[in-house]
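Chemist: coords please:
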Amino acid sequence: MNELDELRRELYESLRIYKERLKLFHDKNIVRKTFEPHQKVLLYSSRLHIFPGKLRSRWTGPFIVKVVHPYGVVEIENPKNGKIFKVNGQHLKPFMENFDCQESSEELVDPLYGDIPST
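Modeler: Residues are numbered from 1 along each chain as shown. Have a look, this model is predicted:
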């Protein structure tokens, strides 16, 4: 009976160590988002999973951050109608306003092929 109890304790200990390592690995890959009041953000719309569309964007907005509460709760305002509501901060991403994409263009030239040696 003592052997079974000892095996059980060893199993629980190894399982606890495994869970700690897995949690550290998972937490290391989480990207922390911070939002400031008056910042523009986009809101993830989970309703679009019901009606999928290949080219439909799942992000709506922009919305304006009003208050950032602890534990990831953010109050945002819809600038179109002034409605304020609370959302999970994980469903938000910063809105890149006046994003200037610099285009570069190069002329393509036909490749020159030399004499291909015959084998």
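
Chemist: quick one: the helices in the chain?
Modeler: Per DSSP state H, the chain carries helices over the ranges 2-28.

Chemist: low-confidence regions, it specifically.
Modeler: 47-53, 99-104, 116-119 (pLDDT under 70).

Chemist: partner strands of the strand ranked longest in it, with direction?
Modeler: Longest strand in the chain, counting residues (DSSP state E): strand 59-68. With DSSP bridges as the test, strand 59-68 is paired with strand 40-44 (antiparallel), strand 73-77 (antiparallel).

Chemist: make CSV out of those strands and add distance to Arg8 and mean neighbour count.
Modeler: No exception for glycine: its C-beta is placed from N, CA and C like everyone else's. As requested, the strands paired with strand 59-68 are exported to CSV (distance: least, C-beta to C-beta, whole Å; neighbours: other C-beta atoms under 10 Å):
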stretch, distance to Arg8, mean neighbour count
strand 40-44, 44, 18
strand 73-77, 41, 19
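
Chemist: Leu15: which of those is closest?
Modeler: strand 73-77 (33.2 Å; C-beta to C-beta).

Chemist: return the closest one as PDB; C-alpha atoms alone will do.
Modeler: As requested, the backbone C-alpha atoms of strand 73-77 are provided in PDB (Å, rounded to 0.1, in the frame of the first residue of the first chain):
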ATOM      1  CA  VAL A  73     -11.800  45.600 -19.300                       C
ATOM      2  CA  VAL A  74     -12.000  48.600 -21.700                       C
ATOM      3  CA  GLU A  75     -14.800  51.100 -22.200                       C
ATOM      4  CA  ILE A  76     -15.100  52.200 -25.800                       C
ATOM      5  CA  GLU A  77     -17.300  54.700 -27.600                       C
END
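
Chemist: now that strand, how far from the centre of its chain.
Modeler: 18 Å (C-alpha atoms, centre = their mean, to the nearest Å).

Chemist: same deal with stretch 79-86?
Modeler: 23 Å.

Chemist: output it as CSV - backbone C-alpha positions only.
Modeler: What follows is stretch 79-86, C-alpha atoms only, in CSV (Å, rounded to 0.1, in the frame of the first residue of the first chain):
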residue,chain,number,x,y,z
PRO,A,79,-18.1,57.9,-32.5
LYS,A,80,-21.0,57.5,-34.9
ASN,A,81,-23.8,57.4,-32.3
GLY,A,82,-21.9,58.1,-29.0
LYS,A,83,-22.8,54.8,-27.4
ILE,A,84,-20.4,53.6,-24.7
PHE,A,85,-20.0,49.9,-23.9
LYS,A,86,-17.5,47.6,-22.1
